[in-house]
Structure formats: C-alpha cells, structure tokens
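J.: Any chance you could fold what I've pasted below:
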Amino acid sequence: MRKKIVAGNWKMNMDYAEGISLFSEIVNMVRDEQKGDQVAVICAPYIHLNSLAKLGGNTVKIGAQNCHQNESGAYTGEISAKMVKSVGAEYVIVGHSERRQYYAESDALLLEKTNIVLKNNLIPIFCIGETLDERNNGSYFDIIKSQLTNGLFSLSEDDFSKVIVAYEPVWAIGTGLTASSAQAQEVHAFIRQQIQAQYGEAVAQNTSILYGGSCNPKNAEELFSQQDIDGGLIGGASLKSRDFTDLVKTFNS
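T.: Numbers count the residues shown, from 1 in each chain. Prediction:
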C-alpha cells in the first residue's frame, strides 16, 4: 500500500538558528498531534541537514533539496548524494521546477541525479509539471509523459519502486492561479496510468504521487481526498509550524 507523505521544501529560507527553532516546533507538534502513519519530511538547506536529522528522530524525516549527479570530484560549491546520506538525510528532491527553470536542468541530467540518489540509498522525490503556456495550449499530458519517460522510465522496476513522484503545475505556483482538485486529480491519474503502462499495476498502485501546487491547510483536505493524490510537496506552508502540522494532520484517521 502506498505511503501518505507530506514533504516540506524550505527552499532558500531559514538561517541556522531560525531553522532549528522552526524544526523543533514542527517535531513537537507533529509528535503530539499526528495520529496516522503518514510520513512527514522536511527538505531543508544543506546547512541544516545534520542538526535536523538528529532532532527529527522517527517523527520528521529529513531531505535535501538537490544534489550533484557525480559521486565526487572537482565541482566547487556542489554537494554529493554521499554527503547528503552521511549527515542523516533520507530524501532528495530531484528536478524541482525552480531547478528546471533557473538552472536549465534537463531530463537527462535529472536521470543521472536520480541514479546517484538511488545508488546512495536515498529516496528521490522526482518533480514533474507543465508551465502555463503548456497548460493553455493543451500539451500538458505530452509534457508530463515526456518528463516521466526521459527522466525515470529507464530505471529498473526495482529502482523505480523506490521513487516518489511529485506533480508541480508550474502555472499554479506563485502566480495567483490555483489548480482545482479535479485538475490535480486528472493529472495524478494520468501519471499513475503511465507508470502502470511502463511497470505494471502493482508498481503503479504502490507509487506515492504528491501534489506540489500551492497546497495549504485550506485546500489540503479536498486535494488529499482525491483517489490518486497521496500527499503534498509543500513550499510556503512548510515555513509555518502550525500550517505544516495541520497538513500532516489532514491524513489523521
């Protein structure tokens, strides 16, 4: 049975003291209020990973927001998956829309990153999604299929089964536009259909697919109740302990 996951992405926010303070609040609140078996994850800047991994214990897991595609080498300013693993993190975001947009990360590069993440026994949260132009011109299914095919579908069945997929409608992030629960479900169902066509029904039904389009406590219940939406990749709401905990609690039974 696929996992229900709420993964926060702090992006380039929180200095060291701010991060420790916020994360401590999140851990205490989630520990006190979580009733289900949903997984809570915070993907933080590199400076926080080691300290947060020690604080989080089994209550809140830790992830990095990116890593380099090579194991090591002369890549000044970069962080390897091995380094991420060594400080106690368990997840890595791969292919976030901001990485694709601002750093021109291609599907081929993201496949390399996914492979190195898996090689180091980390869990990739692989992001896909269409822009506003692609949504408006009706090509979004083609875009999603291409990103899946070129970025993930050369993985073995065993490796793919370790991947979490996150759908980010880029047009609904920081634009004032919002994807409806029906729009989100439509794409999540399409993603699961593509996974089933490639790897079979068992793998498809066990793959967690997260929604990453301006999810917050006000819209989470409706979004998370959709058949193929298994949680969220959370931006702004993960910077507020109450909001993030409420998102985790959405899955309380």
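J.: can we go C-alpha only for contacts and neighbour counts from here?
T.: Fine.
J.: and the residue nearest to residue 224 when sequence neighbours are not counted, bridged to which residues?
T.: Counting by C-alpha to C-alpha, 6 or more residues apart in numbering, residue 224 lies nearest to residue 231, which is 5.9 Å off, once chain neighbours are set aside. Beta-bridge pairing for residue 231 (DSSP bridges): residue 5.
J.: Determine the number of other residues adjacent to residue 231.
T.: Neighbours of residue 231 under the rule other C-alpha atoms under 10 Å: 31.
J.: Now do the same contact list for it.
T.: By C-alpha atoms under 8 Å, 6 or more residues apart in numbering, the contact set of residue 231 is 4-7, 208-211, 224.
J.: Walking through the stretch 51-200 of the chain, point out its helices one by one.
T.: 81-86, 97-102, 107-119, 132-136, 140-151, 157-160, 181-199 (DSSP state H, counting those that start in this stretch).
J.: Compare those and report which one is nearest to residue 51.
T.: Nearest to residue 51, of all the helices of the stretch 51-200 of the chain, is helix 81-86, at 12.1 Å by C-alpha to C-alpha.
J.: average pLDDT across the closest one?
T.: Mean pLDDT, computed over helix 81-86, is 98.
J.: same deal with stretch 41-52?
T.: Mean per-residue pLDDT for stretch 41-52: 98.
J.: Could you tell me how far that stretch lies from the centre of the chain?
T.: Put simply, stretch 41-52 sits 14 Å off its chain's centre (C-alpha atoms, centre = their mean, to the nearest Å).
J.: List the buried residues for that stretch?
T.: Buried residues in stretch 41-52, counting neighbours by 16 or more other C-alpha atoms under 10 Å, are found at 41-46, 48-52.
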